[in-house]
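Peer 1: Below are the sequence and a predicted model for it; my questions follow.
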Amino acid sequence: MDLELIRLEVTDHVALVTMDAPPVNAQNAQFNVEMAYVFDCISDRDDCRVAILTGAGKVFSAGADMRARGNLADTGEKWQHNRRTRESYHAIRECTKPVIGALNGPALGAGLAVAASCDILVTAEEGSLGLPEVDVGLMGGGRHAQRLFQHSTLRRMAFTGYRVPGPELFRLGVVEACVPRDQLLAEARKIADSIAQKSPAAVRLAKHSMNTIEEMSLRDGYRFEQNMTVQLSSHPDSMEAMAAFREKRKPDFGG
């Protein structure tokens, strides 16, 4: 697929995915299709062990492209629109590799849904998360935001359009770091490089496990994790990790 709105670069097992739809990385049908395609590709590529997702310019993503809503009255199009949109987010969450969201600026509405679909978040000081749909007569990504925020904060966002600023996101534990914008990708890269050094098989199973147990009971979730541990223990990477630990050396993972 020819990519126009999403850029993909891979170096040292780290994929850098950049939303590049000026001026504010608003999301239309093409954007959604490209996003899903890129993360499906990352799932399949052995040279990618972790991804960083960020936006070009000063906005992570301002949400849905309101100008692209004109044809939703066409037969079937509103359903197609909804399907494309949610699948672009699910492609991030279901990507077999961890995804680090690097908020270079505001992530609003559908942009928040993109951010919430990532595994780990870091933000620039100028970053923020918000649900502005109440001001334009729409509904927002409340279920996605529910993964990040507690009851009161979430409802304040949904009912008022309040944008939670970067420093507050860090205080609330929503993001792992809040740094000046010019340090953002370096901060994300530190986490990405740490993940890339781990066993690819172990990280893949860890993400699969985290996604699966998210809505399970304690008993069922821990049973699932135990089964994943049994599955991983027979993998060559697991044996290499245990041998390296015994021999006090750095492991050499084959993936």
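Peer 2: Done, it's in.

Peer 1: Quickly note the distance from residue 241 to residue 20.
Peer 2: According to Cβ to Cβ, to the nearest Å, residue 241 stands 38 Å off from residue 20. Heads up, the C-betas are built off the backbone N, CA and C, glycines and all.

Peer 1: for stretch 137-146, how far is the first residue from the last?
Peer 2: End-to-end distance of stretch 137-146 (Cα to Cα, to the nearest Å): 20 Å.

Peer 1: and if you look at stretch 128-142?
Peer 2: Span of stretch 128-142 from end to end, Cα to Cα: 15 Å.

Peer 1: can you list contacts of it?
Peer 2: 63-64, 66, 103, 105-110, 112-113, 115-116, 145, 148, 154, 157-166, 169, 174 (Cβ atoms under 8 Å, 6 or more residues apart in numbering).

Peer 1: Tell me which of these fall in helices.
Peer 2: If you go by DSSP state H, the contacts of stretch 128-142 have 110, 112-113, 115-116, 145, 154, 157-160, 166, 169 in helices.

Peer 1: TSV for these, including pLDDT?
Peer 2: Shown next, in TSV, are these (pLDDT from 0 to 100):
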residue	pLDDT
110	95
112	97
113	97
115	98
116	98
145	96
154	96
157	96
158	95
159	94
160	95
166	98
169	98
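
Peer 1: Any of those buried? List them.
Peer 2: Buried members of the ones in helices among the contacts of stretch 128-142, scored by 16 or more other Cβ atoms under 10 Å, are 110, 112-113, 115-116, 145, 154, 157-158, 166, 169.

Peer 1: who's residue 61 bridged to?
Peer 2: In this entry, residue 61 is beta-bridged to residue 107, by DSSP bridges.

Peer 1: hang on, it packs against residue 104?
Peer 2: No: the criterion here is Cβ atoms under 8 Å, and residue 61 misses it with residue 104 at 9.9 Å.

Peer 1: returning to what we had before: wait, which of the ones in helices among the contacts of stretch 128-142 is closest to residue 231?
Peer 2: Nearest to residue 231, judged by Cβ to Cβ, of these is residue 116 at 28.2 Å.

Peer 1: Quickly check the ones in helices among the contacts of stretch 128-142 for the two that are furthest apart.
Peer 2: 159 and 166 (21.9 Å).

Peer 1: And the strands in the stretch 101-250 of the chain?
Peer 2: 106-108, 120-124, 128-130, 163-165, 178-179 (DSSP state E, counting those that start in this stretch).

Peer 1: by contact count, what packs against the last one?
Peer 2: Counting contacts by 3 or more Cβ pairs under 8 Å, 6 or more residues apart in numbering; DSSP states H and E, strand 178-179 is packed against strand 120-124, helix 166-171.

Peer 1: Between these, which one is closest to residue 208.
Peer 2: Among those, strand 120-124 sits nearest to residue 208 (Cβ to Cβ), with 16.0 Å.

Peer 1: That closest one pairs with which strands, and in what direction?
Peer 2: Going by DSSP bridges, the partners of strand 120-124 are strand 99-103 (parallel), strand 178-179 (parallel).

Peer 1: mind checking the backbone torsions on residue 46?
Peer 2: Dihedral angles of residue 46 (phi, psi; degrees, to the nearest 10) stand at phi -70, psi -20.

Peer 1: how many neighbours does it have?
Peer 2: Residue 46 has 8 neighbouring residues, counting by other Cβ atoms under 10 Å.

Peer 1: remind me which residues of the stretch 151-255 of the chain are low pLDDT?
Peer 2: 255 (pLDDT under 70).

Peer 1: For residue 195, the count of nearby residues, please.
Peer 2: Neighbours of residue 195 (other Cβ under 10 Å): 21.

Peer 1: Show the contacting residues for the closest residue to it other than its chain neighbours.
Peer 2: Once flanking residues are discounted, residue 195 sits nearest to residue 50: 4.3 Å by Cβ to Cβ, 6 or more residues apart in numbering. Residue 50 makes contact with 13-15, 97-100, 192, 195-196, 203, according to Cβ under 8 Å, 6+ apart.
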